[in-house]
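>>> Got a predicted structure plus its sequence, pasted below:
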Amino acid sequence: LRGLVVLMGVGLLALLCDGSGAVAASKKAYLKEVLAVAVAGVGLAWAVTLRQNPPGREGLLNACQTDEWKGVMQLCLLFYHYLAPSPQPLVAYTLARIIVAAFLFQTGYGRTMSALAKSSSFDPKAVFTILLRLNLLTLVLAMATKRSWNDYYFTPLVSFWTIVFYLLHTVGVWLCPRTRVVVVGILCCLLSLNARRDPEQFSFAALFFYPLKPILSSKTTPFDTWLFRSQLDCFSPLVGAVVALNHQKLSNFLAMVQGLPPWRKGPVYVLVYIGAAGAMALWAWPLQFVWSDAGDAAAACVQNCSTCTTCKRCGGSNSSTYFSSASSSHAAPILECVQRRIAQEDYNYQHHAFLCVVPCLAYVALRNLTSYCRSHSSPLLGFIGARSLELYLLQYHLWLTDGARSILSPLHNHPSLNGLIVFPIFMLAAHAAHEASGDAVGWLVGVGCAGTREIRGRFC
């Protein structure tokens, strides 16, 4: 009960900061130097706080490591949303999209590992507990700030994949684990059909989700946005499940490498590093062509559609409102803005949907290659990662405002100082919400203290 009271208090704080106008807001400014320093600070924090994991957590993708991974990604997302106004540069946008894919990769991995470790008997209470943990704070914030459930992006998406994997490993228990993953693969392939959502072509995703349209759409987040989100990263949970299925084989390989003499172990490490670097290079190489092609398309769009207000390629950025007030000195920024929008669209549909797992797999390979890497992690980043759900949800109200289009500004025109003031309050509120969510869910489903601690970690 105390947890519910704390959650309501967090909801009122979100309303005070985001919906009441009591705290001033200002527009975002792209401060690439500050963004670079912030990301470098995350790397420095990882290096300084690296410690030996507790006993029993030295294996491939252990809990300490996945929490640390989530912590790094969540901090990068926070800096990205704070310092990169829309439309973002392609490099920053690509990083954010890869982070979303990595979170869903962990969802598929975690749900499959849990199913392989436990007997998969159909237990409605288990899935209800996980879904309640995912959605309780979301519902409190939605009611407090008069937003819709589907406005929070991650919660509906992770809830959907949680239900998919839970049903797969319970209702489909008569299938062997590999066959279950094949079923998920077929579902992902079907969802990916007509990813551009052309109304003249068949869309399995639109047909599949249509019965849920009332809860997957709102005034601020239309149904088409949900289709975009669900289709874009649909292969990431699948690859996470495949890694989980082969976890034992991968662990045996790492143990075999660890047992090799140094003169044989070194070449194996070098080959893995070269393979990971080569995969990342092949993944990143086409991005230059995405950007250059977007430049040509943007120039043609600006030249031929200067009076267009509903251009599908640039989202209406080149409307008559922009051009009627633009002088020659503003032509380049407007052109770059259109180029960014087109580059993001082309990247999503031509590149990301099929290759987003390459950086995830490269990270997993490099982060788990040696016994030292597997047995050490950062408790600080792990602490932040364990609260990634609360940080993600509360960023819309205590870190950002106005639907993530503006930032909270107690001090006007000082974004860096505002960040230093707001960030500690934001972190404390996220920690309080994390603890309260676990207590509230534990109280609602009737579990003890040990069960409450387990519930607190159920996000990805």
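Here it is on my side, so go on.
>>> going forward, measure contacts between C-alpha atoms and count neighbours the same way
Will do.
>>> show me the contacts for Pro87.
Each residue near Pro87 by C-alpha atoms under 8 Å, 6 or more residues apart in numbering is listed here: Cys337, Arg340, Arg341.
>>> chain center to whichever strand or helix holds Ala38: distance?
Using DSSP states H and E, Ala38 falls within helix 32-48. Taking C-alpha atoms, centre = their mean, to the nearest Å, the mean C-alpha location of helix 32-48 is offset from the chain mean by 19 Å.
>>> Buried residues of it, list them for me.
Buried residues in helix 32-48, counting neighbours by 16 or more other C-alpha atoms under 10 Å, are found at Leu35, Ala38, Val39, Val42, Trp46.
>>> In the contacts of Pro87, which has the lowest confidence score?
Confidence by pLDDT is poorest for Cys337 among those, given 80.
>>> What helix or strand is that residue located in?
helix 328-347.
>>> elements contacting the helix holding Ala38?
helix 63-83, helix 379-386 (3 or more C-alpha pairs under 8 Å, 6 or more residues apart in numbering; DSSP states H and E).
>>> pLDDT wise, what is Val48 at?
Reported pLDDT for Val48: 91.
>>> make that Lys265, sorry
We have a pLDDT of 87 for Lys265.
>>> Quick check: it is in a helix.
Yes. Secondary structure of Lys265 (DSSP: H, G, I helix; E, B strand; the rest coil): part of a helix.
>>> distance of it from Gly259?
As judged by C-alpha to C-alpha, to the nearest Å, Lys265 and Gly259 stand 8 Å apart.
>>> who has more neighbours, those two?
Each of Lys265 and Gly259 has its neighbours counted (other C-alpha atoms under 10 Å); Lys265 has more, 15 against 11.
>>> Hmm, the more buried one is touching Val257, no?
Yes. Lys265 lies in contact with Val257 (C-alpha atoms under 8 Å); the separation is 6.2 Å.
>>> how about the strands in the protein?
25-27, 51-52, 376-377, 400-401, 406-408 (DSSP state E).
>>> what residue ranges in the stretch 201-350 of the chain score low on pLDDT?
In the predicted model of the stretch 201-350 of the chain, residues 304-332 satisfy pLDDT under 70.
>>> Can you give me the neighbour number for Gln303?
12.
>>> now it: how far from Arg340?
Counting by C-alpha to C-alpha, the gap from Gln303 to Arg340 is 16 Å.
>>> Ok, Leu193 next?
25 Å.
>>> Between the two, which is the more surrounded one?
Comparing Leu193 with Arg340 by other C-alpha under 10 Å, the one with more neighbours is Arg340, at 23 against 16.
>>> Any figure for the gap between that one and Pro89?
Arg340 is 6 Å from Pro89, by C-alpha to C-alpha.
>>> anything in contact with each of these two?
What both Arg340 and Pro89 touch, as defined by C-alpha under 8 Å, 6+ apart, is an empty set.
>>> Next, the contact list for Phe79, please.
Leu35, Ala38, Val39.
>>> give me that answer again for 10 Å
If a contact means C-alpha atoms under 10 Å, 6 or more residues apart in numbering, then Phe79 has Val34, Leu35, Ala36, Ala38, Val39, Gly419 as its contacts.
>>> For the fifth one, give me the pLDDT.
Here the pLDDT value assigned to Val39 is 80.
>>> same check, this time on the third one
According to the per-residue confidence, Ala36 scores 79 in pLDDT.
>>> Can you tell me how far it is from Ala92?
11 Å.
>>> Kindly report the same for the last one.
As for Gly419, its distance to Ala92 is 19 Å (criterion: C-alpha to C-alpha).
>>> if you count what's nearby, which of these two comes out ahead?
Between Gly419 and Ala92, counting by other C-alpha under 10 Å, Gly419 is the more crowded of the two (20 against 16).
>>> What separation is there between that one and Glu68?
22 Å.
>>> what's the answer for Cys188, then?
28 Å.
>>> Show me which of the two is the more surrounded one.
Taking other C-alpha under 10 Å, Cys188 and Glu68 do not tie; Glu68 has more neighbours (23 against 20).
>>> Can you verify my assumption that the more buried one contacts Trp46?
Yes. With contacts counted by C-alpha atoms under 10 Å, Glu68 reaches Trp46, the gap being 8.8 Å.
>>> Spell out which residues are contacts of both of the two.
Here Glu68 and Trp46 have Ser377, Ser378, Pro379, Leu380, Leu381, Gly382 as joint contacts, going by C-alpha under 10 Å, 6+ apart.
>>> Go through those residues and give me the one with the most neighbours.
Counting by other C-alpha under 10 Å, top hit in the shared contacts of Glu68 and Trp46: Ser377 with 28 neighbours.
>>> can you give me phi and psi for the residue lying closest to that one once chain neighbours are set aside?
Nearest non-adjacent residue to Ser377, counting by C-alpha to C-alpha, 6 or more residues apart in numbering: Leu50, 5.2 Å away. Main-chain torsions, Leu50, degrees, to the nearest 10: phi -60, psi 130.
>>> Please enumerate the helices of the stretch 351-460 of the chain.
For the stretch 351-460 of the chain, the helices defined by DSSP state H, counting those that start in this stretch cover 353-355, 357-367, 371-375, 379-386, 388-394, 415-445, 449-456.
>>> in terms of contact, does Trp399 touch Val422 like I think?
Yes. Look at Trp399 against Val422 with C-alpha under 10 Å: they come within range, at 6.7 Å.
>>> Mutual contacts of these two, please.
Joint contacts of Trp399 and Val422 (C-alpha under 10 Å, 6+ apart) are Ile407, Leu408, Ser409.
>>> Contact partners for the second one?
Meaning Leu408. By C-alpha under 10 Å, 6+ apart, the contact list for Leu408 reads 17-18, 23-28, 82, 397-402, 415, 418-419, 421-422.
>>> swap the cut-off to 8 Å and go again
Cys17, Val23, Ala24, Ala25, Ser26, Leu398, Trp399, Leu400, Thr401, Asn418, Val422.
>>> how near is the last one to Met256?
Relative to Met256, Val422 is positioned 48 Å away (criterion: C-alpha to C-alpha).
>>> Check what pLDDT Val447 gets.
Reported pLDDT for Val447: 68.
>>> what's the neighbour count on the nearest residue to Cys373 once chain neighbours are set aside?
Beyond its immediate neighbours in the sequence, the residue positioned closest to Cys373 (C-alpha to C-alpha, 6+ apart) is Arg367, lying 5.8 Å away. Arg367 has 19 neighbouring residues, counting by other C-alpha under 10 Å.
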